[in-house]
Every structure is written in structure tokens, then in C-alpha cells.
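Chemist: Here is a sequence with its predicted model. Questions after.
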Amino acid sequence: MLKDETLGLLRQAQAPLSGEAMSRALGVSRAAVWKAVTALRSEGYTIDALPGRGYRLSASPDLLSPGELVRPGRRVGGQVVYLDRVDSTNDECRRRAATGAPDGLVVIAGEQTGGKGRRGRSFQSLPGKGLYLSLLLRPDVPLEEVSQLTAWTAVAVCRAVEGLTGLSCSIKWTNDILLEGRKLCGILTELGIEGETGALDYVVAGMGINVSQTAEDFGELAGVAVSLGQCLPAPPRRAQVAGALLEELDRLAGRFPAARADYLAEYRRRCATVGKEVRILRPSGEVRATALAVDDDFSLRVRREDGTEETVTAGEVSVRGLLGYV
């Protein structure tokens, strides 16, 4: 859309842009540029008109406009789809993957009506309060390496949040991001497999980051969930969080799986599960153990109460904490 393209130009400009320069860059008339600027102003963007110099973007509302997020030529973020409301960004990504959507596609929603977590659990997705984002990748790697993408994504989320806010995050094995001991973000990775060959077709990594929720928004989850706004003087704009996250996801996509040692070392450093008592939940029942270490494949090594050790993977079990640990 011309409005998004206009916003993209203004966002990236280092100096005011004249209407003539913008019309040349966009291949449209100056009147069309003026209409796009007017439409952006009506949405809450503050765009100054400086006599003899041009247009300058000076303030932005808390909207998730693709024009603010798209970076042409970038693998992740070169194509961004925004939907006001969707059942699940993961499901939307999978639907688009089935019809040939490209590697690097990003789907963002203002609200999810059917947000989901691991093992069929629901994910709270209040409208306008969080960042609900899914990434489609088509990596040419073995399935056993793709299974590690959740852990890589957890590191990318931590880096994005810390780079933007300065807040220090940790990771609850395997897919939850913690801030001040409470859940800030959940990650769900889903695969698409070719029916005839059994080869990987695509992988979708979905994440939901709490941005501006209050304790009242969380309700009965207030003791275990947290938002960025609760830990900062004011919450960042969702587009700022999305922009920082897309940069880290683009970096991840370019380095996966060659940089495994780098992401593994950081995952281990951030993992808050190691040293904690955990419950290993299997269909056959619950086993109590102590988390010992994250192995080279991002699996979790544990010691049972009888002293025996074993390695568990996210696909096999669900690990939950004891003694009030999330």
C-alpha cells in the first residue's frame, strides 16, 4: 500500500523529504503522496511539513504498520503481513506456507482469538497489549537441527528485549522467556513435513511478548506473568519491540545452524531451569528431578530422586518448576 511505503520512507529518512523526492521514489504523483501523508496523520502519526524542506516524521502512535517494519532486501522482514485480528499467527503462517509463501515471511496480529502454547495450552492474546508474531522459514537442514530452533528463538527474543530496554531476561527450558522471574514471552515452533518424502517443507516460529499488560489484565496469572510496561517507566511501542525482534530474527536466520555454538553458550548462560527442582510430565505420570545442565543439542539433563540421570527433550515431556518457580 502507498501509505505503508510512504511511512517506510519517512521512517528511514535521515532528513526531511520533499514531496517531489517522495513522489519520484514511489513512482506516484505528489498529490498521491499528500493523500498518503494525510491518511497517516489521521491514524495518529505526527508528520511535520517544513517549508522549503519537506516532510518529517516526528512521533508515532502505538500501531503495528508494515511500513514501519518492512526492510526491503532483508530475509526476515522483507515481507510483513499485519492483521488486526486472527485466530493464530502460527496458523495464518502455516496457511500461507501451504500456498507457497516465501522464506522469511512475518505475520503479526493485533489480537489472536485462538492463541496457543505448547501441548495444546491456550495463550492469552489481549488486543493492543502484546506483540503476537510468527516467522516462516524454509531452511535446508536435517529435522534434528530444526528441532533446536525454539531454543535459538528464545535467545533472539532475549537479545531483542535487552537491546531495546536494557532489561535482563532469562529462559525457562525450553520455550519461555522470564523477566524478574515471571513469564514475559512464550514460543511455539511448528513444522510442515512433505507427505511423500518426509522432508522438511517449512518451520513456523511463533512468539507472544507481553508489552503493556497490567496486573489487572493478567488476572489470576498476575503472579506468574509480566509485561515490559510493568518493569519500565512506560511500555515501549509495539512497533519498537517488533523492529528489534525482526533484526534479531534476521540475524538468527542468517546464522542458523552454523552458529550453534554461539547460541548454545548464550542459552546455557540464560537458562534459569538448571539447578532447579522440576516435574517431568509424561503421559504415564509425573517424575520429580533436578535439572543438571543443557546438553549440546539443547536437551535437558536431569537427575531423578533415585539418583538416576536421563536426558529429556521438549518433544517428549513438559518440564515445570516446583517451589513457586514458574
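Modeler: Yep, it's here. Only a predicted model underlies this, so the values are computations on that prediction, with no experimental measurement involved. Numbering: from 1, shown residues only.
Chemist: Distance across stretch 204-219, terminal residue to terminal residue?
Modeler: Stretch 204-219 has its terminal residues 30 Å apart, counting by CA to CA, to the nearest Å.
Chemist: what is the mean pLDDT for that stretch?
Modeler: On average, the pLDDT along stretch 204-219 is 95.
Chemist: ok, and for that stretch, which residues are buried?
Modeler: Across stretch 204-219, burial judged by 16 or more other CB atoms under 10 Å covers 204-213, 217-218. Any C-beta I mention is one placed from the backbone N, CA and C, and that applies to glycine too.
Chemist: again with stretch 258-267
Modeler: Buried, per 16+ other CB under 10 Å, within stretch 258-267: 260, 263-264, 266-267.
Chemist: ditto for stretch 55-74
Modeler: For stretch 55-74, using 16+ other CB under 10 Å, the buried residues are 55, 57, 60, 63-71, 74.
Chemist: any chance of the buried residues of stretch 258-267 in TSV, plus secondary structure, pLDDT and distance to Glu43?
Modeler: TSV is the format used below for the buried residues of stretch 258-267 (DSSP: H, G, I helix; E, B strand; the rest coil; pLDDT from 0 to 100; distance: CB to CB, whole Å):
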residue	secondary structure	pLDDT	distance to Glu43
Arg260	helix	96	42
Tyr263	helix	98	38
Leu264	helix	98	43
Glu266	helix	98	38
Tyr267	helix	98	39
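Chemist: I would like the residues contacting stretch 18-38, please.
Modeler: By CB atoms under 8 Å, 6 or more residues apart in numbering, the residues outside stretch 18-38 that reach it are 2-3, 5-6, 9, 47, 53-55.
Chemist: Looking at those residues, which is nearest Thr153?
Modeler: Ranked by distance to Thr153 (CB to CB), the contacts of stretch 18-38 are led by Glu5 at 29.3 Å.
Chemist: what helix or strand does the closest one sit in?
Modeler: Using DSSP states H and E, Glu5 falls within helix 2-12.
Chemist: for that helix, packing partners?
Modeler: helix 19-26, helix 30-42, strand 54-59, helix 66-69 (3 or more CB pairs under 8 Å, 6 or more residues apart in numbering; DSSP states H and E).
Chemist: Pick the most buried one from these.
Modeler: Here the criterion is mean neighbour count by mean count of other CB atoms under 10 Å, and of the helices and strands packed on helix 2-12 the winner is helix 66-69, at a mean of 22.
Chemist: Between all of the buried residues of stretch 258-267, which two are separated the most?
Modeler: Arg260 and Glu266 (11.0 Å).
Chemist: With adjacent residues omitted, what lies nearest to Arg41?
Modeler: If the residues on either side of it in the chain are set aside, Arg41 comes closest to Ile47, at 5.7 Å by CB to CB, 6 or more residues apart in numbering.
Chemist: Distance-wise, check that neighbour relative to Arg53.
Modeler: Ile47 is 13 Å from Arg53, where distance means CB to CB, to the nearest Å.
Chemist: SS state for the residue minimising distance to the centre of the chain?
Modeler: For the chain, Met207 is the residue whose C-alpha lies nearest the centre (CA atoms, centre = their mean; 4.2 Å). At Met207 the chain is in strand, as set by DSSP: H, G, I helix; E, B strand; the rest coil.
Chemist: go on, Gln230?
Modeler: Assignment for Gln230 (three-state DSSP): helix.
Chemist: Pull stretch 16-31 out as CSV, backbone CA atoms only.
Modeler: Output of stretch 16-31 as CSV, limited to C-alpha atoms (Å, rounded to 0.1, in the frame of the first residue of the first chain):
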residue,chain,number,x,y,z
PRO,A,16,13.2,15.9,5.8
LEU,A,17,11.9,14.5,2.5
SER,A,18,10.3,16.8,-0.1
GLY,A,19,7.1,15.8,-1.8
GLU,A,20,8.9,15.7,-5.1
ALA,A,21,11.6,13.4,-3.8
MET,A,22,9.0,11.1,-2.3
SER,A,23,6.9,11.0,-5.5
ARG,A,24,10.0,10.1,-7.5
ALA,A,25,11.0,7.3,-5.1
LEU,A,26,7.5,5.9,-5.0
GLY,A,27,6.7,6.4,-8.7
VAL,A,28,3.5,8.3,-7.9
SER,A,29,2.2,11.9,-8.2
ARG,A,30,2.8,14.5,-5.5
ALA,A,31,-0.9,14.6,-4.9
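Chemist: rewinding a little: for the residue nearest to the centre of the chain, what are its contacts?
Modeler: For Met207, counting by CB under 8 Å, 6+ apart, the contacting residues are 131, 133-134, 153, 157, 185-188, 245.
Chemist: State the number of residues packed around Leu292.
Modeler: 15 (other CB atoms under 10 Å).
Chemist: just to revisit the earlier point, can you redo the helices and strands packed on helix 2-12 as JSON lines, where the extra columns are distance to Gly192?
Modeler: Formatted as JSON lines, the helices and strands packed on helix 2-12 follow (distance: least, CB to CB, whole Å):
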{"stretch": "helix 19-26", "distance to Gly192": "36"}
{"stretch": "helix 30-42", "distance to Gly192": "37"}
{"stretch": "strand 54-59", "distance to Gly192": "38"}
{"stretch": "helix 66-69", "distance to Gly192": "24"}
